[in-house]
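K.L.:
sequence and predicted structure are below.
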Protein chains: 2
Amino acid sequence: MVRILLSRAAAASIEPQLVALPVTPVYLGEDPPDDLEVAWASTDVLWDHDLREEMFAAVVAAPAVRWMHTNSSGVEGAAFTELLRRGATVTSSHVHAPIIAEYVLRTVLDWFQRPEEWQAARRERQWLKHDFREVLGTTWLIVGMGAIGSEVAVRARAFGTRVIGVRRTPQGDEPVDQLISPSEVLDLLPAADVVVLAIPGNAATAGMVDANFLRLMRKDSVLVNVGRGSLIDEDALRDALDRGALDAALLDVAATEPPPADSFLWTHPKVVLTPHTSGHGTGIHRRAVELFADNLARHVSGEPLLNVEHAGDVSR
Amino acid sequence: MVRILLSRAAAASIEPQLVALPVTPVYLGEDPPDDLEVAWASTDVLWDHDLREEMFAAVVAAPAVRWMHTNSSGVEGAAFTELLRRGATVTSSHVHAPIIAEYVLRTVLDWFQRPEEWQAARRERQWLKHDFREVLGTTWLIVGMGAIGSEVAVRARAFGTRVIGVRRTPQGDEPVDQLISPSEVLDLLPAADVVVLAIPGNAATAGMVDANFLRLMRKDSVLVNVGRGSLIDEDALRDALDRGALDAALLDVAATEPPPADSFLWTHPKVVLTPHTSGHGTGIHRRAVELFADNLARHVSGEPLLNVEHAGDVSR
């Protein structure tokens, strides 16, 4: 019997599989046995500070854990680093990625088309056309070609754009017109109409969008951040926006969430801010459960797991 | 020398070509010569009632016209019908099509994601997430697989949708998962999350979206109209929206434009109305001029023209 650490809510969501497979659930709040083999950080666990800390501590303390699955898009935290160090497997759930890509296309199209002007005119019963900026023919620089960046790239290219992807370790199957390494980003920035940040936050990426980065962006370019708030030096961003060094910052994340009451992010006319919600599609929970259930059956039968993370993908 | 009827503004926009090619401009306001061979209904002509009527009358009166190019997306009007009857060539400018497709994706993404709620919360410095409907996995029924419908299909499919296209005369290269004939539309309506109208307005299509059509749509489905207002029986639409028979009507066109002051289109919460502006990208004029200049060079050298319209595409 494979012993799995999970929450009672998560267990209920895969009850048919728990009954059908040779597995024994161990619930959070119970003492984990020495032969604990699997842990599932489901969404309810990730969103509850106490449950999350309990699971991560239990996993680090359990020597036999061979596989941990997390419903998050990326994997950030010491527990994952420790598991990978031991040679255990970590899998993640990229169910948010296509939805975050829908958000990215939507926020760029909204900035270009300005539908709020049509709606304001409609409230006054005014029939007021306006010309709007086209996505067709624009160049997108997508920093990070993991699951999110790739999903953005596929959609952006369907709009007749040129997509430049940035990836440390090319896999050869990136859906881009040009793939560059992180060291080339500053050289290509002046070519980009849209710059999308889709990388994890860690020591190497903190503050990568600094005054120098922003100076190299085009005046008519748009910066989209669906990665982490720590990627951007927000003081430098405010200065750049005030100077007109770029056209807009479309942000789903911030250095502090929510930002302090006096932050320019709440009020700046060249900022669109949403509350770290870009992945909140109504289908993500269902797909996350289906993915773990699929991986659990694979684990039990010894088949390769889906969405295996490698040490280089993990942020502390 | 090829004699071309056009406006002075249009002539100015292709001055290099007029100088380089063996062509002689004939300006609107002048008496057209008997050997008038080409006419260009440029955007400035189409948008000016008097210039437009003058050009259409001149073309009908000129026996030698072999080719007329219009900057409109579709071709509607007796002048085109008459030219095609005579065996002359009509070409149109599909430069709006990719931009209208950008509008369609934007308006559906906006309806699903409800960004105005995030922006209202931001104004109150509130960090309020919400789950939103996903485009991923939806089925789109695109009525009309001409230039506009095809551009919508390409973009929608990149979002992981299933696209059903409707076309009277299949060409074999439609970018769809399933192609059906107009007679099958009512059968497939219950499968569609998104129904896009992208056909011309004419006697055959007037009122096609009637009470019966709307009854077959799903309660959670969205109707998008970027064709003509005449396609929809607006009284039936209001009844259907009031009954919750569909989720929303996202309209860029109306039976009367602008609608009368007492029309429900101005105020209904399940309607989004924009002022026939979905094709107004900032690049359309440049691309329209480039297309005519290209076709003019082809005409002079006897090469095949681009965007040739057939009699079946023309609406009166």
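P.N.:
Looks like it arrived, so ask away. Numbers count the residues shown, from 1 in each chain, chains lettered A, B, ... in the order given.

K.L.:
surely residue A:119 meets residue B:275?
P.N.:
No - contact status for residue A:119 versus residue B:275: not in contact, 11.0 Å apart, counting by C-beta atoms under 8 Å. For the C-beta atoms, the positions are set from N, CA and C on the backbone; glycine is no exception.

K.L.:
of those two, which one has the most company?
P.N.:
More crowded of residue A:119 and residue B:275, by other C-beta atoms under 10 Å in any protein chain shown: residue B:275, with 20 against 14.

K.L.:
next, count neighbours for the nearest residue to the more buried one once chain neighbours are set aside.
P.N.:
With C-beta to C-beta, 6 or more residues apart in numbering or on different chains as the criterion, residue B:275 has its nearest non-adjacent residue at 4.3 Å, and that residue is residue A:127. Using other C-beta under 10 Å, residue A:127 has 18 other residues around it.

K.L.:
contact partners for residue A:127?
P.N.:
The contact partners of residue A:127, by C-beta atoms under 8 Å, 6 or more residues apart in numbering or on different chains, come to A:121, B:257-258, B:275.

K.L.:
buried subset of those?
P.N.:
A:121, B:258, B:275 (16 or more other C-beta atoms under 10 Å in any protein chain shown).

K.L.:
how about the helices in the stretch 101-250 of chain A?
P.N.:
Applying DSSP state H, counting those that start in this stretch to the stretch 101-250 of chain A gives helices spanning A:115-123, A:147-158, A:185-188, A:211-216, A:234-243.

K.L.:
among the ones you listed, which is the most enclosed?
P.N.:
helix A:147-158 (a mean of 24; mean count of other C-beta atoms under 10 Å in any protein chain shown).

K.L.:
surely residue A:41 touches residue A:53?
P.N.:
No - using C-beta under 8 Å, residue A:41 is not in contact with residue A:53; the gap is 11.1 Å.

K.L.:
neighbour count: those two, which is higher?
P.N.:
Between residue A:41 and residue A:53, residue A:41 has the larger neighbour count (other C-beta under 10 Å), namely 29 against 12.

K.L.:
partners of the more buried one in the sheet?
P.N.:
residue A:70 (DSSP bridges).

K.L.:
next: residue A:250.
P.N.:
Assigned bridge partners for residue A:250, using DSSP bridges, are residue A:224, residue A:272.

K.L.:
mind listing what it touches?
P.N.:
Counting by C-beta under 8 Å, 6+ apart, residue A:250 makes contact with A:107-108, A:111, A:222-225, A:271-272.

K.L.:
okay, and the helix or strand of chain A with the least pLDDT?
P.N.:
The least trusted helix or strand in chain A, going by mean pLDDT, DSSP states H and E, turns out to be helix A:78-86, with a mean of 90.

K.L.:
report the mean confidence score over stretch A:200-217.
P.N.:
The average of the pLDDT scores along stretch A:200-217 is 95.

K.L.:
helix/strand/coil for residue A:265?
P.N.:
Following DSSP: H, G, I helix; E, B strand; the rest coil, we place residue A:265 in the helix state.

K.L.:
so where do the strands sit in the stretch 151-300 of chain A?
P.N.:
Taking DSSP state E, counting those that start in this stretch as the criterion, the stretch 151-300 of chain A contains strands spanning A:162-166, A:178-180, A:194-197, A:222-225, A:248-251, A:271-273.
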